[in-house]
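Asker: below are the sequence and a predicted model; questions follow.
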Amino acid sequence: MHTHKETILVVEDDPKIRNFICYTLKQEGYPFLTSSSGKDALSTVVSQSVDLMLLDLGLPDIDGMEVIQTVRQWSELPILVVSARDRDNEKADALDSGADDYLTKPFSATELMARIRVALRHLQRVQKDQSPTVLTVGELSIDLEKHLVYLHGTELHVTPLEYNLLALLMKNAGKVLTTQYILNELYGPRYGSDTQALRALMAGLRRKIEKEPAKPRYILTEIGVGYRMIGE
Ligand code: CA
């Protein structure tokens, strides 16, 4: 068994789910801490060395959303939100508040570990401050220095807006970006509410990069939330 160095804080008040998560982390060799309330989670984050927070939004004392906002006032600690199904608004709000990703209950151990690995990989990249200039996902590559896109090794013509959208998604591969976040990044907060424009832009980009735009393999739609570029 591989032993990891990163400590994960599991914030969950439901003992069944908490035990499942902790059991999975133990199996995978991750050290972890647990909190069953928002206040306890916040004091643990300041007093202990934590590398990733796994956060249930429905906590008995303070709202999980408030936990995210409070942590974000001083820390870039990766936060993976655990949320119940059919609460898309909540997921979007959590991501907009600064959470890095979310998991929908119920989830499998495999899914949990995949999301944790993505979140920790992002952290390592930020820590080393080594943002690679060429990003690759499947057969798709983007050269951030030369502003070029390649598909199957062949240069692909994209418009400047399509390029910006693709670069944003590829820099965050594996993570869900909310529609609002993408709009703000592309058009700025003043014009950032035209979801129709984003849908049209996305359709155009998908026609260029996807074999079957109706069944996208690269950019997945997260219904009611936003979009996700598949992980590397
Ligand atoms: Ca709960």
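Answerer: Nice, thanks for sending it over. Residues are numbered from 1 along each chain as shown.

Asker: when you work out contacts or count neighbours from here on, use the C-alpha atoms and nothing else.
Answerer: OK.

Asker: quick one, what contacts the residue of the chain at minimum distance from the ion?
Answerer: Per C-alpha to the ion, Gly58 is where the chain lies closest to the ion, at 4.0 Å. By C-alpha atoms under 8 Å, 6 or more residues apart in numbering, the contact set of Gly58 is 64, 83.

Asker: sec struct for it, please.
Answerer: coil (DSSP: H, G, I helix; E, B strand; the rest coil).

Asker: in this protein, what helix or strand scores lowest on average pLDDT?
Answerer: helix 109-128 (a mean of 84; mean pLDDT, DSSP states H and E).

Asker: contacts for that one next, please.
Answerer: 21, 24, 51-52, 78-80, 100-101, 103, 131, 174-175, 231.

Asker: and these, which is closest to Leu168?
Answerer: Lys175 (10.8 Å; C-alpha to C-alpha).

Asker: related to what we said a few turns ago, how about the residue of the chain closest to the ion, phi and psi?
Answerer: Gly58 adopts backbone torsions of phi -90, psi 90, taken as degrees, to the nearest 10.

Asker: averaged pLDDT, stretch 51-65. What do you get?
Answerer: On average, the pLDDT along stretch 51-65 is 94.

Asker: can you get me a residue count around the closest residue to Ser36 other than its chain neighbours?
Answerer: Nearest residue to Ser36, sequence neighbours excluded (C-alpha to C-alpha, 6 or more residues apart in numbering): Asp13, at 4.2 Å. Counted by other C-alpha atoms under 10 Å, the residues lying close to Asp13 total 19.

Asker: contact partners for Asp13?
Answerer: Per C-alpha under 8 Å, 6+ apart, neighbours of Asp13: 35-37, 56, 59-60.

Asker: so, low pLDDT: which residues of this protein?
Answerer: 1-2, 85-86, 126-131, 191-192, 232 (pLDDT under 70).
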